[in-house]
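>>> Fold the stuff below for me.
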Amino acid sequence: MKKLTIKDIAKEFNVSISTVSKALNDSYEISETTKNKIQKYAKENNYKPNFNALSLKNRSTKTIGIIIPTMLKYFFAQVFKGIEKTALERGYKVITCISNESFDKEVEIIEMLSNGSIDGFLVSLAKETELKEDYKHLQDTIKNGTPIVMFDRVAQTLDCDKIITDDLNAVENTVEFLYKSGHKNIAFVSTMSDFHIGKQRFMGYKKGLENVGLPYNDDLVVNIFDRDYKQYETILIPFLEKNKIDSIITTGESAAVASMKAGIKTGRKIPQDLSVIAFSNGILARHSSPKMTTISQHGEQMGASAAKILIDKLENKNTDTLTKVITTDLVIRDSTK
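Purely as a prediction, here's the structure:
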């Protein structure tokens with residue numbers, strides 16, 4: 001069944017398109033009788049306004065769409081808090097969608113919200129999108145005049161604003177911190193080796209070792225998949241039994257908690273025999289035992305910056321495309337000596 005348009009309604013009542021538009025918008029310029037007739041007909045025939053066809057001056061919905069890849073990371077909850085606070089302060093509402101790491105879901109969300117229900121997008125890429133390197137849906141959205149600001153997981157080749165963490169330097173500095181506290185056998189446990197940010201963190205690890213004059217050893221690196229979080233310990237116990245390791249840097253908190261548990265199960269005391277440091281500074285870190293030393297990514301600050309850049313763009317306060325780098329901090333707690 002063909003979608004009913006304003007043109008069809010105008011034809012039905014033999015009036016101008018402008019009369020129908022005014023009647024549907026409840027304008028005082030149209031008589032009550034005509035108005036009621038047109039509104040009733042539109043309702044009975046399931047008329048839906050086409051936002052894209054509305055005049056540009058009405059296009060602003062004061063709503064922004066957020067697409068995050070997963071609900072399972074506290075980091076994204078922090079980012080969301082920063083986005084929402086900034087959006088509300090500037091009079092914008094937010095619609096949040098989760099792609100669940102799926103390319104198809106991400107495309108579907110973009111299509112669903114690009115019908116005029118939002119003014120712009122804040123996007124962190126789904127894992128599948130990054131692996132496919134297919135950003136056409138995002139490219140088309142930008143081409144059609146809907147701005148996108150990407151955060152954390154960004155498409156390198158896409159010409160849009162981006163907010164990223166200083167991943168490489170963060171790990172490089174962490175290796176140096178561990179070395180200065182007397183560690184010589186520093187392991188690296190990654191749950192995101194196929195992400196750009198995971199690769200950056202790994203490069204930072206290698207660079208850090210080089211800086212302090214420690215040899216790189218493949219045996220001290222473990223790549224586990226995020227989805228196998230129930231198996232983390234099972235993988236890490238033999239890893240710790242087989243190798244001489246006095247410290248571990250992990251790309252996420254759950255891997256760090258599993259590393260501490262595996263350390264205890266292989267007879268090590270934390271932090272006396274094994275220091276553990278995790279990326280992200282979330283709830284797990286504060287409530288783990290011992291409390292965990294973390295590389296804080298300042299998620300809230302990232303979210304606030306992303307929202308500010310997008311809203312400035314929507315209000316024509318900023319036309320340049322920029323990439324903003326959020327620097328990390330080492331939050332030292334009890335899991336390191």
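
>>> Going by neighbour count, list what's buried in stretch 112-119.
For stretch 112-119, burial by neighbour count (16 or more other C-beta atoms under 10 Å) applies to 113-114, 116, 118-119. Just so you know, the C-beta spots here come from the backbone N, C-alpha and C atoms, and that holds for glycine as well.

>>> strands paired with the helix or strand where residue 325 lies, and their directions?
Here residue 325, judged by DSSP states H and E, is contained in strand 323-326. Under the criterion DSSP bridges, strand 323-326 sits next to strand 161-165 (parallel) in its sheet.

>>> I'd guessed residue 177 sits against residue 331; true?
No. Under the criterion of C-beta atoms under 8 Å, residue 177 is not in contact with residue 331, lying 11.6 Å apart.

>>> Mind pulling up the pLDDT for the closest residue to residue 261 other than its chain neighbours?
What sits nearest to residue 261 in space, not counting adjacent residues and going by C-beta to C-beta, 6 or more residues apart in numbering, is residue 233, at 5.5 Å. You'll see residue 233 listed with a pLDDT of 93.

>>> Who are the contact partners of residue 233?
Applying C-beta atoms under 8 Å, 6 or more residues apart in numbering to residue 233 gives the contacts 258, 261-262, 265.

>>> Look up phi and psi at the nearest residue to residue 118 once chain neighbours are set aside.
Nearest non-adjacent residue to residue 118, counting by C-beta to C-beta, 6+ apart: residue 65, 4.2 Å away. Backbone torsions of residue 65, given as degrees, to the nearest 10, read phi -100, psi 130.

>>> Pretty sure residue 65 sits against residue 120.
Yes. If you go by C-beta under 8 Å, residue 65 and residue 120 touch, sitting 7.4 Å apart.

>>> Strands of the stretch 151-300 of the chain, start to end?
161-165, 186-190, 221-223, 247-250, 275-279, 293-296 (DSSP state E, counting those that start in this stretch).

>>> Might you list the low-confidence residue ranges for the stretch 1-150 of the chain?
Regions of the stretch 1-150 of the chain meeting the criterion pLDDT under 70 cover residues 1, 50-59.

>>> the more surrounded of residue 177 and residue 331?
Legend: neighbour count by other C-beta atoms under 10 Å for residue 177 and residue 331, higher for residue 177 (20 against 15).

>>> Could you pull up the residues touching that one?
When contacts are counted by C-beta under 8 Å, 6+ apart, residue 177 touches residue 330.

>>> how close does it get to residue 195?
Residue 177 is 24 Å from residue 195, where distance means C-beta to C-beta, to the nearest Å.

>>> What of residue 61?
Applying C-beta to C-beta, the value for residue 61 to residue 195 is 32 Å.

>>> higher neighbour count, these two?
The neighbour count for residue 61 versus residue 195, taken as other C-beta under 10 Å, is higher for residue 195 (21 against 16).

>>> The more buried one touches residue 126, doesn't it?
No. Here residue 195 does not reach residue 126: they are 10.8 Å apart, not a contact under C-beta under 8 Å.

>>> ok so, going back, quick one: mean pLDDT for the strand holding residue 325?
96.

>>> From what I see, residue 154 and residue 165 are in contact.
No. Counting by C-beta under 8 Å, residue 154 does not reach residue 165; the two are 10.4 Å apart.

>>> Neighbour count for these two, which is higher?
A side-by-side neighbour count of residue 154 and residue 165, using other C-beta under 10 Å, places residue 165 first with 25 against 21.

>>> how distant is the one helix or strand residue 18 maps to from the center of its chain?
For residue 18, the host element (DSSP H and E) is helix 17-24. Computed by C-alpha atoms, centre = their mean, to the nearest Å, the chain-centroid distance of helix 17-24 equals 41 Å.
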